[in-house]
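1. quick one: sequence plus predicted model below, questions after.
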Amino acid sequence: MKTLTDKVVVVTGAGSGIGRALAVEVAGHGALVAVSDVNEAGLAETVELVKAAGSPLVHSARLDVSDREAFAAYAQAVREHFGRVNVVVNNAGVTMTGDFLDTTVEEFDWIMSINLDGVITGTREFLGDLIASGDGHLVNISSLFGLISVPGQSGYNASKYAVRGFTEAIREEMLVSEAPVGVSCVHPGGIRTGISRNGRKTLGSDAAAIDRLFEEKLAKMEPSRAAEIIVRGILRNKARVLVGLDAHAIHHAAKTVGSRYQDVTARLTKRMMPARRV
């Protein structure tokens, strides 16, 4: 895929953050855009921004990506609206912060149902359309935490590592079958979004302190810049897209030291993370 002009691009989790920025970015490239989110107010704002950015046609719908039946109905609606689908960005995701022993079964299932099952369902529903388009691209959003693990993020790590493995396997299948579909797995570092504030924390966690740490210390890049990098990765057919200097630096450092990165990460986390409330 050399251009997004007149391509139909589907973006989940487009009500804010990276998803919104991606929808606006592809609109600026002349794409026809389908956006979805559980946050209808945020989604409405995204639609106006996408139109202002120049998209010739926009489709919008509320979607909970963990609801498989709803996702199937949504995919059919997009198909009927545009007649084709060229690019799918499975972006919708959430966070769950806290030690594993403090995480309930329900909390763990919740994050996996959105971060992993939502990506799998989105791929299942649209991959046939991407192949049929003759010029398709699948983009699944993992994370820097799909490349390295961090204490207090067992659920998020599990979901994002799984997204990475799943996406890389799909890419290999497309290569084996010689299907006309590029596949990219995206690993953003700290992006200035509301993902921490809108996420969940385990009982006893200092939620306000965790949010401040993310927003003041870790989130360095604007979503608009992240979107530019991701779109460039699509147009260059990159299998892996690292977003941010932190993503590049930490990923390569971890590769250099091997599993010893875990000891370093544990020490740094102990210094930085807010103490658990008793």
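-> Nice, thanks for sending it over.
2. now do the phi/psi pair for the nearest residue to Gly122 once chain neighbours are set aside.
-> Nearest residue to Gly122 in three dimensions, chain neighbours excluded: Asn90, at 4.1 Å (C-beta to C-beta, 6 or more residues apart in numbering). Backbone N, C-alpha and C define where each C-beta goes, glycine included. Torsion angles at Asn90 (phi, psi; degrees, to the nearest 10) stand at phi -80, psi 90.
3. how far away is Asn90 from Thr167?
-> Asn90 is 9 Å from Thr167, where distance means C-beta to C-beta, to the nearest Å.
4. overlap of the contact sets of those two?
-> Both Asn90 and Thr167 are contacted by 119, 138, 140, under the criterion C-beta atoms under 8 Å, 6 or more residues apart in numbering.
5. could you look up the SS state of the second one?
-> When the structure is split into helix, strand and coil by DSSP: H, G, I helix; E, B strand; the rest coil, Leu138 lands in strand.
6. repeat that for the first one.
-> Here Val119 is helix, with the state taken from three-state DSSP.
7. check Ala34 too.
-> Following three-state DSSP, we place Ala34 in the strand state.
8. right, and it touches Val78 too?
-> Yes - taking contacts as C-beta atoms under 8 Å, Ala34 lies within contact range of Val78: 4.8 Å.
9. neighbour-wise, which of those two wins?
-> Ala34 (29 against 22; other C-beta atoms under 10 Å).
10. beta partners of that one?
-> On the basis of DSSP bridges, Ala34 is bridged to Val10, His59.
11. on that earlier part again, tell me the confidence at the residue nearest to Gly122?
-> Per-residue pLDDT puts Asn90 at 98.
12. between the shared contacts of Asn90 and Thr167, which is nearest Gly155?
-> For the shared contacts of Asn90 and Thr167, the closest approach to Gly155 (C-beta to C-beta) belongs to Val119, at 14.7 Å.
13. what about that closest one, neighbour count?
-> By other C-beta under 10 Å, 26 other residues sit near Val119.
14. with Glu69 instead?
-> Look at Glu69: counted by other C-beta under 10 Å, it has 8 neighbours.
15. next one: Arg260
-> Number of residues near Arg260 (other C-beta under 10 Å) recorded here: 10.
16. likewise for Gly155?
-> 25.
17. what does the helix or strand where it lies contact?
-> Assigned by DSSP states H and E, Gly155 belongs to helix 154-177. The contact list for helix 154-177 (C-beta under 8 Å, 6+ apart) reads 93, 95-97, 99-100, 103, 107-108, 111-112, 114-116, 119-120, 123, 127, 138, 140-143, 145-147, 149-150, 179, 181-185, 187, 239.
18. how far off centre is stretch 121-135?
-> Remark: stretch 121-135 is offset 18 Å from the chain centroid, using C-alpha atoms, centre = their mean, to the nearest Å.
19. sorry, that was for stretch 58-69
-> Distance of stretch 58-69 from the chain centroid (C-alpha atoms, centre = their mean) equals 15 Å.
20. what's in contact with it?
-> With C-beta under 8 Å, 6+ apart, stretch 58-69 has contacts from 12-13, 27, 32-38, 40, 43-44, 46-47, 50-51, 70-71, 74, 77-78, 81-82, 90, 92, 110, 113-114, 117-119, 121-122.
21. which ones among the residues you listed map onto strands?
-> 32-37, 90 (DSSP state E).
22. and which of the residues you listed is nearest to Ser55?
-> Of all the ones in strands among the contacts of stretch 58-69, Ser55 sits closest to Val33, with 4.8 Å by C-beta to C-beta.
23. neighbours of the closest one, how many?
-> Around Val33 there are 29 residues (other C-beta under 10 Å).
24. can you pull the buried residues of the helix or strand of the chain with the lowest mean pLDDT?
-> Ranking every helix and strand in the chain by mean pLDDT, DSSP states H and E puts helix 207-213 at the bottom, with a mean of 75. Buried residues in helix 207-213, counted by 16 or more other C-beta atoms under 10 Å: 207, 210-211, 213.
25. switch those residues over to JSON lines; also include distance to Gly17.
-> As requested, the buried residues of helix 207-213 are exported to JSON lines (distance: C-beta to C-beta, whole Å):
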{"residue": "Ala207", "distance to Gly17": "19"}
{"residue": "Ile210", "distance to Gly17": "17"}
{"residue": "Asp211", "distance to Gly17": "14"}
{"residue": "Leu213", "distance to Gly17": "18"}
